[in-house]
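# The following comprises the amino acid sequence and a computationally predicted model.
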Amino acid sequence: VSRFEGIPMAPPDPILGVSEAFKADTNDVKLNLGVGAYRTEELQPYVLNVVKKAENLMLERGENKEYLPIEGLAAFNKATAELLLGADNPVIKQQRVATVQGLSGTGSLRLAAALIERYFPGAKVLISSPTWGNHKNIFNDARVPWSEYRYYDPKTVGLDFEGMVADIKEAPEGSFVLLHGCAHNPTGIDPTLEQWEKIADVIQQKNHIPFFDVAYQGFASGSLDADAASVRLFVARGMEVLVAQSYSKNLGLYAERIGAINVISSSPEAAARVKSQLKRLARPMYSNPPVHGARIVANVVGDPALFNEWKAEMEMMAGRIKTVRQKLYDNISAKDKSGKDWSFILKQIGMFSFTGLNKNQSENMTNKWHVYMTKDGRISLAGLSLAKCEYLADAIIDSFH
Ligand code: PMP
């Protein structure tokens, strides 16, 4: 008899479990719209040309594999803060930004959660309803209490702005407010700049601390700067802000696990103390971060020619997703005779479309049509080709009615 009898079987992950089920399906028509990973029109994974160029440079230089410092690669940390805040942002010159390289977006969020747990005991994190499924796991495992604020209004398939502001106002003073910097996952609905200003107003009034999750910089609009506008607006008000970053999507570095946690503080002394504690938290968890992805980012962002090439490639990826979004909408609205308004598909931005399909309908998509997606009705348009739009339109119409 095993000493592990008391350990029950864990359920499959709601997002990554979808890829496992997809792999097991032997039907040729199958389509994986579960995980948010960019595919080419041929539905193949894509390694960016700038990434290959940066890797070639790295090979030529014959760099070694010594440990990085706990806080990560200095050139990466500089590049990532500049990409987020703008290179000439005064908070950088004033040394008010504590940047620590993290294990992509997830690891960076987890490190910040550990900081909250240790230095803000009892403080709550407010998360949007709905949100990326892993947010709840991250705060649960870090033993940080959380609650939800209203975000998505199914009636308008848009932002429930009044509800969002009311719930942020209602929360205990000094809570952390988790915000998606751009391309909200799973809804694809972002506040406007005027709405961001009002959100910043209530957060300031209530002495809350904004905590941005930036996993799609460049993927909402195609522009790195435009997609960082929300974060920069809060920072420009002189607020203290936490920001987790990920290069999984915008540089296609999914498996390299490269990202960062940035804490913008009101003094250089506070930033230095925060950074020292982030390092102290990281050391017993994973000791120090991996170097390969950090060097790629530092090379791409730090070299003007590669940086421009990256921007062009990102516009290409964001553009392909916009094209399939339009084609999917055209097919659905032409084929569906029920009179349902599908224009929400075009209003949503980023990698995803939040279709409004419920759990049963999402299961019909998978069981009958071999379309793999999360049960909250989210589909990743990054995994869709023009050639498959018509098939997907048929599947969605059939599952709805
Ligand atoms: N936050 C959000 C909202 C995401 O969608 C993702 C990726 N699915 C992440 C964070 C982090 O992903 P990763 O750990 O691969 O950077």
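Yep, it's here. Numbering: from 1, shown residues only.
# pLDDT wise, what is the residue lying closest to K388 once chain neighbours are set aside at?
Excluding its sequence neighbours, the residue lying closest to K388 (Cβ to Cβ, 6 or more residues apart in numbering) is L31, at 5.8 Å. C-beta: built from backbone N, CA, C; applies to glycine. At L31, the predicted lDDT confidence score is 95.
# same thing with S128?
Reported pLDDT for S128: 98.
# for it, helix, strand, or coil?
Secondary structure assignment for S128 (DSSP: H, G, I helix; E, B strand; the rest coil): strand.
# Identify the residues contacting the residue nearest to it when sequence neighbours are not counted.
Using Cβ to Cβ, 6+ apart and skipping the chain neighbours, the partner closest in space to S128 is Y151 (3.8 Å). Residues in contact with Y151 (Cβ atoms under 8 Å, 6 or more residues apart in numbering) are S128, S129, P130, T131, L159, D160, G163, M164, H184, T187, I189.
# now F219
So F219 contacts C182, A183, D227, K249, N250, M314, M317, A318, I321, G350, M351 (Cβ under 8 Å, 6+ apart).
# Next one: the first one from Y372, what distance?
This means C182. According to Cβ to Cβ, to the nearest Å, C182 and Y372 sit 26 Å apart.
# near the ligand, which residues of the stretch 1-150 of the chain show up?
Taking Cβ under 6 Å from any ligand atom as the contact definition, the stretch 1-150 of the chain meets the ligand at G36, S104, G105, T106, W132.
# Point me to the helix or strand that includes the fourth one.
Element membership of T106 [criterion: DSSP states H and E] is helix 104-119.
# What would that helix look like as CSV? C-alpha coordinates only.
Extracted in CSV, the C-alpha atoms of helix 104-119 (Å, rounded to 0.1, in the frame of the first residue of the first chain):
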residue,chain,number,x,y,z
SER,A,104,7.2,34.6,-17.1
GLY,A,105,3.9,36.3,-16.2
THR,A,106,2.8,33.5,-13.9
GLY,A,107,6.0,33.4,-11.9
SER,A,108,6.1,37.2,-11.6
LEU,A,109,2.5,37.3,-10.4
ARG,A,110,3.3,34.6,-7.9
LEU,A,111,6.3,36.5,-6.6
ALA,A,112,4.2,39.7,-6.1
ALA,A,113,1.6,37.6,-4.4
ALA,A,114,4.2,36.3,-2.0
LEU,A,115,5.3,39.9,-1.3
ILE,A,116,1.6,40.9,-0.5
GLU,A,117,1.2,37.9,1.7
ARG,A,118,4.3,38.8,3.7
TYR,A,119,4.1,42.5,4.0
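# Could you list the residues in contact with that helix?
100, 102-103, 123, 125, 134-135, 138-139, 141-144, 176, 211, 213-215, 242, 244-248, 253, 256-261, 263, 274, 277-278, 281-282, 285-286, 289.
# List the buried residues for it?
Residues 104-117 are the ones in helix 104-119 that count as buried (16 or more other Cβ atoms under 10 Å).
# From I261, how far out is the residue nearest to V47 when sequence neighbours are not counted?
The shortest distance from V47 to any non-neighbouring residue, by Cβ to Cβ, 6+ apart, is to G252 (6.2 Å). Applying Cβ to Cβ, the value for G252 to I261 is 21 Å.
# residue ranges for the helices of the stretch 251-400 of the chain, please.
268-286, 292-302, 304-335, 344-347, 359-369, 389-400 (DSSP state H, counting those that start in this stretch).
# Quick one: work out the angle between the least confident helix or strand in the chain by mean pLDDT and helix 359-369.
Taking mean pLDDT, DSSP states H and E as the measure, the chain has helix 16-24 as its least confident helix or strand, at a mean of 90. Put simply, helix 16-24 runs at 20 degrees to helix 359-369, going by axes from the mean of the first three to the mean of the last three Cα atoms, to 10 degrees.
# Now do the helix or strand following helix 16-24: everything it contacts.
Scanning forward in sequence from helix 16-24 by DSSP H and E, the next helix or strand is strand 31-32. Strand 31-32 is contacted by residues V18, S19, F22, H370, V371, Y372, G383, L384, K388, Y391, L392 when judged by Cβ under 8 Å, 6+ apart.
# quick one: strand 31-32 to chain centroid distance?
Chain-centre distance of strand 31-32: 21 Å, with Cα atoms, centre = their mean, to the nearest Å.
# avg pLDDT for stretch 225-240?
Mean predicted lDDT for stretch 225-240 stands at 97.
# What's the end-to-end length of that stretch?
20 Å (Cα to Cα, to the nearest Å).
# Any part of that stretch near the ligand?
No: Stretch 225-240 stays out of contact with the ligand when judged by Cβ under 6 Å from any ligand atom, the minimum separation being 13.1 Å.
# related to what we said a few turns ago, number of residues surrounding the residue nearest to K388?
24 (other Cβ atoms under 10 Å).
# and it, bridged to which residues?
On the basis of DSSP bridges, L31 takes part in beta bridges with V371.
# who touches A260 in this structure?
So A260 contacts G72, F76, N77, T80, A81, T99, V100, Q101, G102, S108, A244, Q245 (Cβ under 8 Å, 6+ apart).
# With that, I have no additional questions.
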